[in-house]
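**Student:** no sequence for this one, just the structure:
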């Protein structure tokens, strides 16, 4: 089997000695497309090791065709077209995953587009509608709104009647986010977003992959009983929290990760996507947003492109012709 190896911070497509084999409730997928995520950059640089027992190979989401199944598998058969949420191993010709973490691709969707679904829509759904318990009509602030997670979250907010405000890195990205359903936006290069969000009416939930000084600013724009869902710290691990404001306004700061959850935990998120989001995808009300595609042999170039922060939506890599 061929897979991506990290050598001196470079991604190389080379032969991999360990061949994956499904057991129990696992399925083996012939990978057609692999999604690229910020977590992959962190892992390449040594800052985000895989959970215990997970593959050392990069890659948290794929689409492809079921090649074989373990003896306890109930949901899938050989030949099914699926997309899957992984703990690792996606940058490869084949990957093994618990069947709970996979779904048949939405009706009418290509394998290419389906690869843009698992990680970002699972992250958006988990954190907005499970962790934050977002209710209809509540208002949302999305940082990194033009990212894969951000573009998925915008569409979910629009579909479920949650007005959202985005912060992004350019005016063009603000317009792209508005086209997806965002109500307003702010260019982060113009400084603090606090006044703009306050003038917009404040928010009930903040989805934040930035942290750093953003935490203090988030607190200032939260309405009573507001929730901050922290999913990353691109802006730094240290911050200032106003405990007085947190107490008096009954604010909550919730840390959340998806990758380290058990197969059952990931499966509960995927089941929720199938129930609530798959119908929207099949009707066309919600769509995966693919910014650019590369071949898996161009993984190094693809990751450099992702690091430029110019993309809107997902960066995908084609692995096979499936």
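**Tutor:** Perfect, I can see it now. Not measured: the values here are computed from a predicted model. Residues are numbered from 1 along each chain as shown.
**Student:** tell me how far residue 51 lies from residue 90.
**Tutor:** Here the criterion is Cβ to Cβ, to the nearest Å. By it, residue 51 lies 14 Å from residue 90. Heads up, the C-betas are built off the backbone N, CA and C, glycines and all.
**Student:** once you drop chain neighbours, what's closest to residue 231?
**Tutor:** In space, residue 231 comes closest to residue 209 once its chain neighbours are excluded; the distance is 5.0 Å by Cβ to Cβ, 6 or more residues apart in numbering.
**Student:** still on that earlier bit, neighbour count: residue 51 and residue 90, which is higher?
**Tutor:** For residue 51 and residue 90, the more surrounded residue by other Cβ atoms under 10 Å is residue 90, and the numbers stand at 34 against 13.
**Student:** residues contacting the more buried one?
**Tutor:** Listed by Cβ atoms under 8 Å, 6 or more residues apart in numbering, the contact partners of residue 90 are 31, 34-35, 57-62.
**Student:** need the max-distance pair from these.
**Tutor:** Between any two of these, the greatest separation by Cβ to Cβ is 13.8 Å, found for 35 and 57.
**Student:** those two: who's more crowded?
**Tutor:** Comparing residue 35 with residue 57 by other Cβ under 10 Å, the one with more neighbours is residue 35, at 29 against 22.
**Student:** now the more buried one. Nearest residue, chain neighbours left out?
**Tutor:** The shortest distance from residue 35 to any residue other than its chain neighbours is 4.1 Å, reached at residue 61 (Cβ to Cβ, 6+ apart).
**Student:** gap between residue 199 and residue 165?
**Tutor:** Shown here: residue 199 relative to residue 165, a distance of 10 Å by Cβ to Cβ.
**Student:** pLDDT of the helix or strand harbouring residue 122, averaged?
**Tutor:** In this assignment (DSSP states H and E), residue 122 forms part of helix 118-125. Helix 118-125 shows a mean pLDDT of 96.
**Student:** average pLDDT for the next helix or strand after it?
**Tutor:** Taking DSSP H and E as the definition, the helix or strand that follows helix 118-125 towards the C-terminus is strand 140-143. The pLDDT scores in strand 140-143 average 98.
**Student:** what pairs with strand 140-143, parallel or antiparallel?
**Tutor:** Using DSSP bridges, strand 140-143 pairs in its sheet with strand 164-168 (parallel), strand 203-208 (parallel).
**Student:** which helices and strands sit right next to the helix or strand following it?
**Tutor:** The helix or strand immediately downstream of strand 140-143 is helix 148-159, counting by DSSP H and E. The criterion is 3 or more Cβ pairs under 8 Å, 6 or more residues apart in numbering; DSSP states H and E, and the helices and strands that helix 148-159 contacts are helix 118-125, strand 140-143, strand 164-168, helix 171-180, strand 314-318.
**Student:** contact partners for the spatially most central residue of the chain?
**Tutor:** Note on the chain: the residue nearest the mean C-alpha position is residue 120, at 2.4 Å, using Cα atoms, centre = their mean. Counting by Cβ under 8 Å, 6+ apart, residue 120 touches 35, 37, 147-149, 151-152, 314.
**Student:** quick check: the gap between it and residue 39.
**Tutor:** The gap separating residue 120 from residue 39 is 11 Å, by Cβ to Cβ.
**Student:** swap in residue 272?
**Tutor:** The value you get for residue 272 to residue 39, if Cβ to Cβ is used, is 21 Å.
**Student:** which one's more surrounded, those two?
**Tutor:** Taking neighbours as other Cβ under 10 Å, residue 272 and residue 39 compare with residue 39 leading, 21 against 16.
**Student:** confirm the more buried one sits in a helix?
**Tutor:** Yes - counting by DSSP: H, G, I helix; E, B strand; the rest coil, residue 39 is found in a helix.
**Student:** give me the neighbour count for the closest residue to it other than its chain neighbours.
**Tutor:** Counting by Cβ to Cβ, 6+ apart, the nearest residue to residue 39 once its immediate chain neighbours are dropped is residue 48, at 5.5 Å. Counted with other Cβ under 10 Å, the burial measure for residue 48 works out to 14 neighbours.
**Student:** just the pLDDT at residue 48, thanks.
**Tutor:** Note for residue 48: predicted pLDDT of 88.
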